[in-house]
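Asker: Structure, please.
(4 chains)
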Amino acid sequence: MLLKHTPKEITERKALMINPAKTCQPIGAMYAALGIKGCLPHSHGSQGCCAYHRSTLTRHYKEPISAATSSFTEGASVFGGQANLLQAINNIFTVYAPEVIAVHTTCLSETIGDDLPQIFDKAIKEQKVPEGKTVLGANTPSYVGSHVTGFSNMVKSMANLAEKSGKKNGKVNIIPGWVEPCDMEEIKRLAAMVGVKITMFPDTSGVLNGPLTGEYKMFPDAGTSIKDIKASGDAIGTLALGEWCSADAARLLDTKCKVPCSVLDMPFGLQATDRFVDALRKVSGTTVPDEVAAERGQLVDLISDMHQYFYHKKVAIFGDPDQLIALTEFLVSIDMCPIHIVTGTPGKKFERRIKEITKDMPYKVNVKAAGDMFLLHQWIKNEPVDVLIGNTYGKYIARDEDIPLVRWGFPILDRQGHQYFPTVGYKGGIRLLEKILGVLLDRLDRDNTEEKFELVY
Amino acid sequence: MLLKHTPKEITERKALMINPAKTCQPIGAMYAALGIKGCLPHSHGSQGCCAYHRSTLTRHYKEPISAATSSFTEGASVFGGQANLLQAINNIFTVYAPEVIAVHTTCLSETIGDDLPQIFDKAIKEQKVPEGKTVLGANTPSYVGSHVTGFSNMVKSMANLAEKSGKKNGKVNIIPGWVEPCDMEEIKRLAAMVGVKITMFPDTSGVLNGPLTGEYKMFPDAGTSIKDIKASGDAIGTLALGEWCSADAARLLDTKCKVPCSVLDMPFGLQATDRFVDALRKVSGTTVPDEVAAERGQLVDLISDMHQYFYHKKVAIFGDPDQLIALTEFLVSIDMCPIHIVTGTPGKKFERRIKEITKDMPYKVNVKAAGDMFLLHQWIKNEPVDVLIGNTYGKYIARDEDIPLVRWGFPILDRQGHQYFPTVGYKGGIRLLEKILGVLLDRLDRDNTEEKFELVY
Amino acid sequence: MGKAQKLVQWSPTDIKAKMLEKYPPKVARKRSKQILINEAMENTTPEITANVRTIPGIITMRGCTYAGCKGVIMGPTSDIVNLVHGPIGCSFYAWLTRRNQSSYTGENNENFITYCMSTDMQDSDIIFGGEKKLAAAIQEAYDLFHPKGIAVFATCPVGLIGDDIHAVAKKMKEKFGDCNVFAFSCEGYKGVSQSAGHHIANNQVFTHLVGKSTTEKTDKYKINLLGEYNIGGDGFEIDRILKKCGITNIATFSGNSTYDQFASANQADLSCVMCHRSINYVADMLETKYGIPWIKVNFIGAEATAKSLRKIATYFGDQDLIDKVEAVIAEEMPAVDAAVKDVLPRTTGKTAMIFVGGSRAHHYQELFKEMGMKTISAGYEFAHRDDYEGRQIIPDLKVDADSRNIEEIEVEPDPVLFKPRKTEAEIEALEKAGFAFKDYEGIIPDMEKDTLIVDDLNQYEAEKLVELMKPDLFCAGIKEKFSIQKLGIPMKQLHSYDSGGPYAGFVGAINFYNEIDRLVNSRVWSYMKAPWQENPELSATYVWE
Amino acid sequence: MGKAQKLVQWSPTDIKAKMLEKYPPKVARKRSKQILINEAMENTTPEITANVRTIPGIITMRGCTYAGCKGVIMGPTSDIVNLVHGPIGCSFYAWLTRRNQSSYTGENNENFITYCMSTDMQDSDIIFGGEKKLAAAIQEAYDLFHPKGIAVFATCPVGLIGDDIHAVAKKMKEKFGDCNVFAFSCEGYKGVSQSAGHHIANNQVFTHLVGKSTTEKTDKYKINLLGEYNIGGDGFEIDRILKKCGITNIATFSGNSTYDQFASANQADLSCVMCHRSINYVADMLETKYGIPWIKVNFIGAEATAKSLRKIATYFGDQDLIDKVEAVIAEEMPAVDAAVKDVLPRTTGKTAMIFVGGSRAHHYQELFKEMGMKTISAGYEFAHRDDYEGRQIIPDLKVDADSRNIEEIEVEPDPVLFKPRKTEAEIEALEKAGFAFKDYEGIIPDMEKDTLIVDDLNQYEAEKLVELMKPDLFCAGIKEKFSIQKLGIPMKQLHSYDSGGPYAGFVGAINFYNEIDRLVNSRVWSYMKAPWQENPELSATYVWE
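Answerer: Residues are numbered from 1 along each chain as shown, chains lettered A, B, ... in the order given. All right, here's what the predicted structure looks like:
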């Protein structure tokens, strides 16, 4: 038993978080910032945070994660981080020459109260920011929300760069939420298929799933350019994929530049993707080509072909709110039964949404926002499931309880593929189902008596 | 023990085939024929063959497989199948109205000696073939070669339709070999990225991975049109992917229409895909865009990131010659050690090729053409492996010997995904490695002591 | 459900006409005789044409004689080495795909069901003949496995080139001494369907295996279960029930059966025919040679299972058994009732179509009835007229060319082992009491008026039927499965089930209820159309501005 | 390999100049002092600047004080509940990623290493203070797990808002009685690197845990293994060897260590310092308070392992032990020799660079030497000058502002437990015989002339070094791994190894040989360029026409 001290009996906890299903805001801001072209994220705080955030992102993406830090020592904690940040800005532009420095705060600098805009202003005045370069900042206090909150805050800072010329550019802004680079690529591909020109920010595709060619570019020719982000103010609409990750930025754009926004679920699964595609064509007035319907049909086909293996299987899922909501709907849509649902990110709205989605399910649903995996484990001990879906840390529960784990979400530290094969969209739905089906059938292959061992599924 | 009667001691077998690693030609011809637009394959023989072939293809693709049969009874065995075929042709065109009927023989009609061209001639003269429709035939004796031989023969019959106008059309013919529909799609995508206009035949993409939309089209708007096949005689070159599956057709085109051909390996894995892309650009004179190099780099990246888990792992593989050759090279290229290699398809050339590819490997390699899985199992009993790669039937060995199985090849009857996610090309290489890596790491997760249980791979 | 709404109500006559419309005249005429509108006629059972040649070019569900012989009958045997003599294909395609389960447990019991064995004939074997190779292969199999029996199956080219598999088998049998080697001339072209293969298998098993056991079975209630192939574990479930009732199953023909079971079949006191199509030959032979009467049973459906159990108990006339059977039924039924009650609200009134090989097309109607579902169309893939119209028409059946190719074996009472289990008086008494021996009324009487019965339904007709009648569920085989699903109709593969089972007996009934409920009420059928396809018009909303 | 050919030979001076070229003047000046060209100087050890603040904006390898304290030192303990007081991040990121292995076996032994526990401070806790929440969390942890000890760690905001974690810990300790609750003020900003955290951890463990054991250890050769964290099982391997030699490891600081190990550390007779950077504080304190001398050991490398074993045996002066040690070495070495012989042909002459936290940058050079590889550049992430230049310069070290933030604890001989293990005479005699106590020469003397030594190497400098010197292998951390690989250079993550290990001891040496052979000789480095990139010109062949 790897988690040998987890009791089956559930007692109330108010203070102690054990085995969290979230982490702190700054890492989200860092990830989001990496979706800007030519951007070096900057962790304005102690160097430990940056080190940890880079390490985690590195282990998840198996890609170089470049980010700088203000490297606070006690002095900065005392006097504030302006001096460190000014120095950092100068050094960064001199040595690394990025197009953008995206600064996020850490819990330290937030608690200290550093005022990023003021520091930026000073940096510009002191010619530490070369002409044509951009510095943007997001406040990401670690004690508010979770890593997705940090993502959202950084994206909101991006949206704040938008300018309005008065002339619509015919594009649709898509704020994809914290999804994999390949998911962002898939979203772009889907939009292109529907014939919609988009601006997607952030866009980590090509940044965090780069090639090995013997040549390292700290700033690859990928990500959303500042120019495009600014032009997002002239878009004909914004689709924010995920309430927790993207809605704030979309609303800011709406308020600031009168770009109408629609907050959709992340397009994981059939119905969420349907809504996404439908929203795309409505916003832009295009006609959805048959190719999209064909891809959709392949997902429907897989659902119908393999429905018997999904039907009423119990699932425990943990992860981020936006993803869990879409996943829950998807699972329910194929008659799987997500009965234990935990996100570390606080918010009652999440619980309400999940309850709404699962109201017709034949089993009681345990759902918890601001929960942890210790609780999830206890729930599973009390009512076992057929499959566990979540990040790598779920493997300890999976091994202890002999439940197959489908690795999905963040962070995935021990498998490959999430960088290259999207789970967003219809194709992504097929992949997700393939993976779920795979572990379910592997378990049948493992556990069936020899009499019931099957050649054909 | 599912295969409880398999002894470790290997005795010589000359007559008895146990648990074959191949099947008969006609199914290959049927699959190939399905790659023609508007084509109804026709099994000219007893109805049992057609039933079996359809059933197997159906279970593999989880898609409707429509094919007709001459439904021989004893009479046709005596008088020859002309009457049945003429009747069938008439009925098919009347009831199903395909564009093409692709007739392949079965071992029965081959032994009888039915002469397809002569029967077709009569059908045309008797107005059983409507104007503008095509009937083509391939001789596929079940006692020669294997299912890939049948595929090759049908493809050769397609090539025989080529006409030469004298004016090159600037396209490159690609004969993809027996790969998945999604593999064919990937090949097309790669060619498009390289900027090469191609004619690919057969092309089962869109035919055997169709959508579920509430509407069934026996003949979807997919596959290679007869018109395009005829125009293949004006191509600037032909790339035949796989000696066993595609070379004959390419050579026929070369001989008949003077379309120069190059026989490449199936583009599974880095090097074979490199050669394929390189051949594409050489034939057509295009420039390979950076996007292709980037995809390639992602594969190289994954190899380097996960090399330690592949390094010197022993692999047993079984399947079709073309695939095995490419897979062997790929495995060797990532320092995996395929030590047991079996194909059911006869041919010493295969053994020679494999030996050549594996000559620098640190282990002795057992390779057998015209081998079977019983022998493979015995080899494994004598020298175990870390992973088994092959079709679904391998699961019995895998369970008995507690070896993880990566399902690859034909038929895959018990998993989904092979219809939708290619293993051809660079992206396909990533998928293949993801799957191999997945089972290897799953095994580590399962078997490591708790002390060695790893969070990060 | 997302199923297309029936816009028009078609009469059976119209449907039949519609289905025949596109055929060439000759084909239309032939098919017309094979499509029967079930009309309750006062004195006459409507006639249907069955067991005739498949029309070339028509995409049929049927398989071949080999499939019926090796694939269906002999395939499910566990400890007999099934050696296919021919090119690799036939053997490969019958390798494990039918989901007939078998017992692997134990060091002692042999199980070759996971092995696919063939002579894998090559060109040179076709050219020079395959008898030497066959002999060598038999030798190799013997050397490797030392089985009690080796069954040799001939495939199409073997018949053509003239390999004498029986001679080879005889020779090898004599050589080994401790292994029975026998052969089946089940070349695929021999017959119009799997049915010919059934016949051949029945003949050869009876000739070479039955009666060979030297061990006497002394159980009280001994039966043979004929025509149960343990698909998805159906046989296991039936065995469970029989055991619970204290009934000894001497031999199952042939799901998970063994050499010894076949050899001991003559020792049963009653043959229970489950599949009337595939195994009635053996039933008759067992009666003729050993005096074992047979009855038709059906363990598909909880009620049918109960009925069959009662019938068996009645045959044995033992009150203990009768009571035991009633007790078992009483014990099993509550779970069945609870399960069916749960699904009834969702299944009542829904319609189904069943087109499978033989008996199942009839048997499974029982389960649908229990679920409140209506079978609006059904048919057999390769049944004979007696399967449709009842055994009473057997005397009217004509022997045709294809039938004649199956050797008719002469069966006479065994001088030693023949032993009538019931006196003629006893049999007569039972019959007077309503008990029916070797009786089967066929599918037609059990189906409702205006239902359509189609023999050898083909793909074109299947799609037409679905299009016109729009059933809530369609049951057929793997080859039909996906084209039906593509039409947005739930499809249950009722041959090997693809997944699920057992569906026989009481547990099986519950399984089936749930499975069908899952199928017909699945949300997936409402996912056929995308939002933009359901509202194709421009629906860009005003609020975007 | 496909590595780019060195077109030009760069001198170390040029390389250093090249590396500094792009820096702003101030930065260049600072970094210049931290980059040392290893030149054998007659009388003077070249000076390097170390343990200084990281330059803001420079992408550094360094982590924080919390990382050094909880992540590195306390994290690998198995039965102490590590409770992080702060926002969720710090705790989360230190959750299991360092591959420090632990023993799970047994009902009795507790293991909390798989648990990530935190107070997950929220906005309101920052606003109103987190002491109440901390107390409640400690209570909940106690109620759930009943551990022997609960370690509380402060993260950045905790220090800022002023939570008194020590007071809370003391209060809860007193409340529980049977659970030792103690705290570490290891706020991330406290210090310039992980090193400060080491110091804090050393202090607190020594203060709160060491000497608390009431059970006496009676083994003959008792040592403490200081600075071994069981990464990849290194500690297990070392323990195996020690056990084989009959040497008792009282306490490992701190890989897979337990509360009791820490508590019993005072009972060892010798402290063996593996990592000179992270744990020398405790070594000194153990000597001061309990009289336990310490020596520097290194179990990385077969020869180094042998040398360390011999050193331990020499310390104990027991011929039995000396013989035993020699026997063990003799038994283990053949496999090592065989393994190294196998890889030598492929590794000899290749070059490596090592930039890791502390001691490993020095230790692993041993293994490379054994493989015939040359370390052309190395450096520590957060070492102090004594790690570079040797302990002899410790008196020269100046205390700076950052160092001062780490509380200096006063350690005196324990009135009861102080017991010199060796008399001064004995120590002197050993020293005369060449034995060195609390001695460490540093990395510089062990590296060749013209090699480059860089303190706190950053990403920009790493890439420059690789570009200019083109090593065959680069060793650093996870954060550096992929950018180096993207340059087409093999990279071994030498912190947690990512995969593989153990690399300590004899088995570890063999593992390392094979791993490095695999890395530097992998074909993947020849796959960097695609064919069309290597022959970019039109190479379409004539024969196509």
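Asker: What degree of burial does the closest residue to residue C:308 other than its chain neighbours show, as a neighbour count?
Answerer: Sequence neighbours aside, residue C:297 is the residue nearest to residue C:308 in space, at 3.9 Å (criterion: Cβ to Cβ, 6 or more residues apart in numbering or on different chains). C-beta coordinates here come from the backbone N, C-alpha and C atoms, glycine included. Neighbour count of residue C:297, defined by other Cβ atoms under 10 Å in any protein chain shown: 27.
Asker: Is any residue of the helix or strand of chain A with the lowest mean pLDDT near chain D?
Answerer: Least confident helix or strand of chain A, by mean pLDDT, DSSP states H and E, is helix A:74-79 with a mean of 78. Yes: Helix A:74-79 is in contact with chain D by Cβ under 8 Å from any Cβ of the partner chain, via A:74-77.
Asker: Strands of the chain, start to end?
Answerer: By default, I'm working from chain A. A:17-18, A:39-44, A:68-69, A:100-105, A:134-138, A:172-175, A:198-200, A:237-241, A:261-264, A:314-319, A:337-343, A:366-368, A:387-390, A:405-407 (DSSP state E).
Asker: that's the wrong chain, I meant chain C
Answerer: Counting by DSSP E, the strands of chain C are C:35-37, C:80-85, C:117-118, C:149-154, C:180-184, C:222-228, C:248-254, C:270-273, C:294-296, C:351-356, C:374-380, C:452-454, C:473-476, C:491-493.
Asker: picking that back up, can you check the pLDDT for the residue nearest to residue C:308?
Answerer: We have a pLDDT of 95 for residue C:297.
Asker: quick one: it from residue C:392, how far?
Answerer: Counting by Cβ to Cβ, to the nearest Å, the gap from residue C:297 to residue C:392 is 19 Å.
Asker: How about residue C:325?
Answerer: Distance, residue C:325 to residue C:392, by Cβ to Cβ: 29 Å.
Asker: same question, residue A:121
Answerer: Taking Cβ to Cβ, one finds residue A:121 at 102 Å from residue C:392.
Asker: And for the closest residue to chain A within the stretch 351-500 of chain C, nearest residue in space, chain neighbours not counted?
Answerer: The nearest approach of the stretch 351-500 of chain C to chain A comes at residue C:499, 4.8 Å away (Cβ to the nearest Cβ). Of all residues beyond its chain neighbours, the one nearest residue C:499 is residue A:308 (4.8 Å), with distances taken as Cβ to Cβ, 6+ apart.
Asker: now residue A:450
Answerer: Spatially, and ignoring its direct neighbours in sequence, residue A:450 is nearest to residue C:104 (3.6 Å; Cβ to Cβ, 6+ apart).
Asker: hang on, isn't the one you found packed against residue B:1?
Answerer: Yes: counting by Cβ atoms under 8 Å, residue C:104 does reach residue B:1; the two are 6.9 Å apart.
Asker: got any residues that touch both of these two?
Answerer: Residues touching both residue C:104 and residue B:1 by Cβ atoms under 8 Å, 6 or more residues apart in numbering or on different chains: residue A:450.
Asker: Those two: who's more crowded?
Answerer: Taking other Cβ under 10 Å, residue C:104 and residue B:1 do not tie; residue C:104 has more neighbours (19 against 15).
Asker: ok, residue A:272 to residue D:449 distance?
Answerer: Counting by Cβ to Cβ, the separation of residue A:272 from residue D:449 is 64 Å.
Asker: Repeat that for residue C:139.
Answerer: 76 Å.
Asker: same thing with residue C:187?
Answerer: Taking Cβ to Cβ, one finds residue C:187 at 86 Å from residue D:449.
Asker: More neighbours: which of the two?
Answerer: More crowded of residue C:187 and residue D:449, by other Cβ under 10 Å: residue C:187, with 30 against 9.
Asker: domains for chain A, by residue range?
Answerer: Domain assignment for chain A by automatic domain parsing gives A:25-159, A:172-290, A:292-447.
Asker: Give me every residue in chain A that's in contact range of chain C.
Answerer: A:236-237, A:260, A:270, A:274-275, A:277-278, A:281-283, A:285, A:288, A:292-293, A:296, A:300-301, A:303-305, A:307-309, A:311-312, A:333-335, A:449-452, A:454-457.
Asker: One more pass at 7 Å, please.
Answerer: Proximity of chain A to chain C (Cβ under 7 Å from any Cβ of the partner chain) is limited to residues A:237, A:260, A:270, A:274, A:277-278, A:281-283, A:285, A:288, A:293, A:296, A:300, A:303-304, A:307-309, A:311, A:333, A:335, A:450-452, A:454-457.
Asker: Return a ChimeraX selection command for the buried portion of those residues.
Answerer: Listed next is the ChimeraX selection for buried residues among the residues of chain A next to chain C, using 16 or more other Cβ atoms under 10 Å in any protein chain shown:
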select /A:237,260,270,274,277,278,281,282,283,288,293,296,300,303,304,307,308,309,311,333,335,450,454,455,456,457
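Asker: pLDDT on stretch A:213-225, on average?
Answerer: Across stretch A:213-225, the per-residue pLDDT values average to 90.
Asker: contacts for that stretch?
Answerer: Contacts to stretch A:213-225, defined as Cβ atoms under 7 Å, 6 or more residues apart in numbering or on different chains, come from residues A:35-39, A:64, A:66, A:96, A:98, A:199-207, A:210, B:293, B:297, D:2, D:463, D:483, D:486-488, D:528-529.
Asker: Please apply the same query to stretch C:19-28.
Answerer: Contact with stretch C:19-28 is made by B:90-91, B:94-95, C:31-32, C:35, C:55, C:461, C:464, as judged by Cβ under 7 Å, 6+ apart.
Asker: show me what contacts residue C:140?
Answerer: Residue C:140 makes contact with B:13, B:15-16 under the criterion Cβ under 7 Å, 6+ apart.
Asker: so which of those residues are also by chain A?
Answerer: By Cβ under 7 Å from any Cβ, no member of those lies near chain A.
Asker: Going by neighbour count, which of those comes out on top?
Answerer: residue B:16 leads the contacts of residue C:140 on contacts (other Cβ under 10 Å) with 24 neighbours.
Asker: From chain D, how far off is that residue?
Answerer: Distance, residue B:16 to chain D, by Cβ to the nearest Cβ, to the nearest Å: 40 Å.
Asker: For chain C, name the helix or strand with the lowest mean pLDDT.
Answerer: None of the helices or strands of chain C scores lower by mean pLDDT, DSSP H and E than helix C:401-404, at a mean of 70.
Asker: Any regions of the chain where pLDDT drops low?
Answerer: Using chain A here. Scanning chain A for pLDDT under 70 picks out the ranges A:285-287.
Asker: Switch to chain C, please.
Answerer: Those would be C:1-10, C:40-45, C:106, C:401, C:404, C:535-545, if you go by pLDDT under 70 across chain C.
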